[in-house]
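>>> Mind folding the following:
(one chain, ligands or ions: 2)
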Amino acid sequence: MSRLLIRDLAQVATHRGTRAPLRGAALGEVETVERAYVLVDPGGTIAAVGAMRDLPSLKGSDVEELDGTGLAAIPGLVDCHTHPAFAGDRVGEFALRAVGATYEELLAAGGGILSTTRATREAGPDVLREIVVRHREAMLRHGTTTFEGKSGYGLDRDTELAQLDAIAAAGGMPTWLGAHAVPPEHPDADAYIDWALSEVLPDAAKVAVAADVFVERGAFGVEPARRYLRACADAGLALRLHGDQLTEMGAVPLALELGARSVDHLESTGPAGVSALAASDVAAVLLPVAALYLDRPKPPARALVDAGAIVALATDFNPGSAFCESLPVVATLACTQLRLAPEEALGAMTVNAAHVLGLHDRGRLAPGLRADVVLLDAPDWRHLAYHLAADVVHTVVREGRVVVSRA
Ligand code: NIG
Ligand code: FE
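Numbering: from 1, shown residues only. Ligands and ions are numbered 1, 2, ... in the order given. This next block holds a predicted model:
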């Protein structure tokens with residue numbers, strides 16, 4: 001493989017330095033270079049980034065060139081919270097919600113997560129692999145070069161493991177969401193957790209890098225969640241929680257107690273939760289599409305950033321509460337609904353999202369990091385958030401290879 005030179009870019013934008021995670025003012029500090037280049041080593045890491053006028057002579061070396069005229073480069077986006085391994089859809093429930101049914105009512109009636117579980121159990125491992133690849137390609141077209149994917153639509157041994165396998169096979173970071181809902185064959189949450197920890201965890205822990213639980217009325221209370229997460233931590237998994245989505249019922253204190261990587265959602269989090277997160281190393285992963293889609297209150301993003309919490313943004317891509325693969329749409333919502341600056345939104349879906357996944361080799365455009373680069377069809381990188389639901393992604397480079405091109 002030769003070197004790759006992305007030349008004559010209108011702009012390169014990236015968070016500077018090497019610090020991760022980014023808190024407070026540092027989240028908003030983006031460096032831009034006008035008329036710029038990015039040079040990629042044959043091994044797929046970044047060799048140099050700078051202004052065209054400072055480009056060293058590359059004569060005599062084998063260089064493939066990509067013309068960046070009129071385009072702005074940002075780091076590859078990192079989606080740290082998705083549910084891509086599902087079969088079927090929930091368009092019928094979407095229509096019911098449109099005229100007044102609530103998410104909780106649909107779940108309590110055996111729909112919601114449980115209806116996707118029925119469809120996913122029937123799909124089989126080969127179909128699940130195809131489905132996750134299809135969703136990965138959609139994410140990639142929106143600039144996502146790294147994605148996390150959760151299981152949680154099997155809730156039986158074979159389907160949970162097939163979901164994790166499909167996510168890993170597609171190059172994603174698998175999270176075992178073994179505690180997403182209580183499937184009907186178990187009498188209650190405690191009985192289901194007992195079964196899942198003895199029958200699924202030993203094999204799930206061989207594939208997954210993290211575990212997740214939905215702490216919510218109608219899903220799992222704090223006690224079963226604690227038992228589940230402790231066992232998962234003992235098996236070597238990082239801990240994530242779906243918390244404070246509909247009800248603030250103790251997910252944040254539990255996350256702090258267990259040293260979790262993140263609590264995700266936080267639409268219902270009050271001031272005490274904001275202060276507790278800010279004083280901790282637990283990241284707040286905000287999912288503004290889910291809040292919009294379910295017409296819920298917005299998570300307290302501005303307060304979290306101002307208080308110094310680690311804030312990341314993700315799509316929450318799933319068939320029920322957030323049927324959206326696009327981090328650029330999330331960036332628009334962050335800037336228009338959550339009062340984050342474009343710079344903060346970018347840091348939350350690059351450096352901080354990578355941190356949530358335990359990845360420190362990506363998230364910025366800097367020498368030595370993975371050459372994951374998104375070229376936007378705009379002269380100013382802030383069009384990422386500015387141009388709502390647009391075709392703003394022009395070219396995607398992943399590990400030094402062009403994987404999406406609209407040229
Ligand atoms: O993050 N809230 C729980 N889990 C998902 C939704 C899953 C579904 O509705 O299928 C979420 O919003
Ligand atoms: Fe989710």
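>>> CA only for contacts and neighbour counts going forward, please
Fine.
>>> List the contacts of L4.
With contacts defined as CA atoms under 8 Å, 6 or more residues apart in numbering, L4 is in contact with 39-42, 63-66, 400.
>>> Worst mean pLDDT across the helices and strands of this protein, which element?
For the chain, scoring each helix and strand by mean pLDDT, DSSP states H and E identifies helix 103-108 as the least confident one, at a mean of 90.
>>> buried set for the helix or strand that comes right after it?
As assigned by DSSP states H and E, the chain's next helix or strand after helix 103-108 is helix 113-123. Of the residues in helix 113-123, 113-121, 123 count as buried by neighbour count, 16 or more other CA atoms under 10 Å.
>>> and the stretch 1-150 of the chain, which residues reach ligand 1?
In this structure, the stretch 1-150 of the chain approaches ligand 1 at residues 112-113, judged by CA under 6 Å from any ligand atom.
>>> Enumerate every residue touching the residue of the stretch 1-150 of the chain found nearest ligand 1.
The minimum distance from the stretch 1-150 of the chain to ligand 1, using CA to the nearest ligand atom, falls at I113 (4.3 Å). I113 makes contact with 107, 153, 180-181, 320, according to CA under 8 Å, 6+ apart.
>>> which of these tops the neighbour count?
Compared across those, Y153 has the highest neighbour count, 29 neighbours, by other CA atoms under 10 Å.
>>> What helix or strand is it located in?
Counting by DSSP H and E, Y153 is part of no helix or strand.
>>> Surely it is in contact with A162?
No. Taking CA atoms under 8 Å as the definition, Y153 is not a contact partner of A162, at 10.4 Å.
>>> So V305 versus ligand 1, what's the distance?
21 Å (CA to the nearest ligand atom, to the nearest Å).
>>> what's that residue in contact with, if anything?
23-24, 311 are the contacts of V305 under CA under 8 Å, 6+ apart.
>>> Kindly recompute the last result at 10 Å.
Taking CA atoms under 10 Å, 6 or more residues apart in numbering as the contact definition, V305 lies against 22-28, 274, 278, 284, 311-312, 340, 344.
>>> again, but for R296
Counting by CA under 10 Å, 6+ apart, R296 touches 245-246, 267-268, 288-290.
>>> Neighbour-wise, give me the winner out of these.
P288 (29 neighbours).
>>> Ligand 1 versus that residue, what's the distance?
Between P288 and ligand 1 the distance, using CA to the nearest ligand atom, works out to 10 Å.
>>> between the top helix by length along the chain and helix 113-123, how many degrees?
In the chain, taking DSSP state H as the definition, the longest helix is helix 125-141. Regarding helix 125-141 and helix 113-123, their directions subtend 120 degrees when assessed with axes from the mean of the first three to the mean of the last three CA atoms, to 10 degrees.
>>> partner strands of the following helix or strand past helix 125-141, parallel or antiparallel?
Per DSSP H and E, helix 125-141 leads on to strand 144-150 as the next helix or strand towards the C-terminus. Strand 144-150 has its sheet partners listed here by DSSP bridges as strand 77-79 (parallel), strand 173-179 (parallel).
>>> Redo the ones you listed as CSV? Include mean neighbour count.
Supplementary listing: the strands paired with strand 144-150 in CSV, determined by neighbours: other CA atoms under 10 Å:
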stretch, mean neighbour count
strand 77-79, 31
strand 173-179, 28
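>>> Dump those strands into JSON lines; add mean pLDDT as well.
Rendered in JSON lines, the data for the strands paired with strand 144-150 read as follows (pLDDT from 0 to 100):
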{"stretch": "strand 77-79", "mean pLDDT": "99"}
{"stretch": "strand 173-179", "mean pLDDT": "98"}
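>>> Could you export these as TSV, including distance to T395?
Output for the strands paired with strand 144-150, formatted as TSV (distance: least, CA to CA, whole Å):
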stretch	distance to T395
strand 77-79	13
strand 173-179	23
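>>> closest to L375 out of the ones you listed?
strand 77-79 (11.2 Å; CA to CA).
>>> Pass me the low-pLDDT residue ranges in the chain, would you?
Residues of the chain meeting the criterion pLDDT under 70: none.
>>> May I have the secondary structure class of the residue of it found nearest ligand 1?
Of the chain, the residue with the smallest distance to ligand 1, taken as CA to the nearest ligand atom, is G320 at 3.7 Å. Using DSSP: H, G, I helix; E, B strand; the rest coil, the secondary structure recorded for G320 is coil.
>>> If you drop the residues flanking it in sequence, what lies closest to it?
Taking CA to CA, 6 or more residues apart in numbering as the measure, G320 lies nearest to R90, with 6.1 Å between them; neighbours along the chain are not counted.
>>> just checking, the one you found touches T116?
Yes. The pair R90 / T116 is scored as a contact, 7.5 Å apart, by CA atoms under 10 Å.
>>> list the residues that contact both of these two?
If you check R90 and T116 against CA under 10 Å, 6+ apart, the residues they both contact are 318-320.
>>> Quick check: phi and psi on Y37?
Dihedral pair for Y37: phi -140, psi 160, per degrees, to the nearest 10.
>>> how far away is it from L71?
For Y37, the distance to L71 (CA to CA, to the nearest Å) stands at 11 Å.
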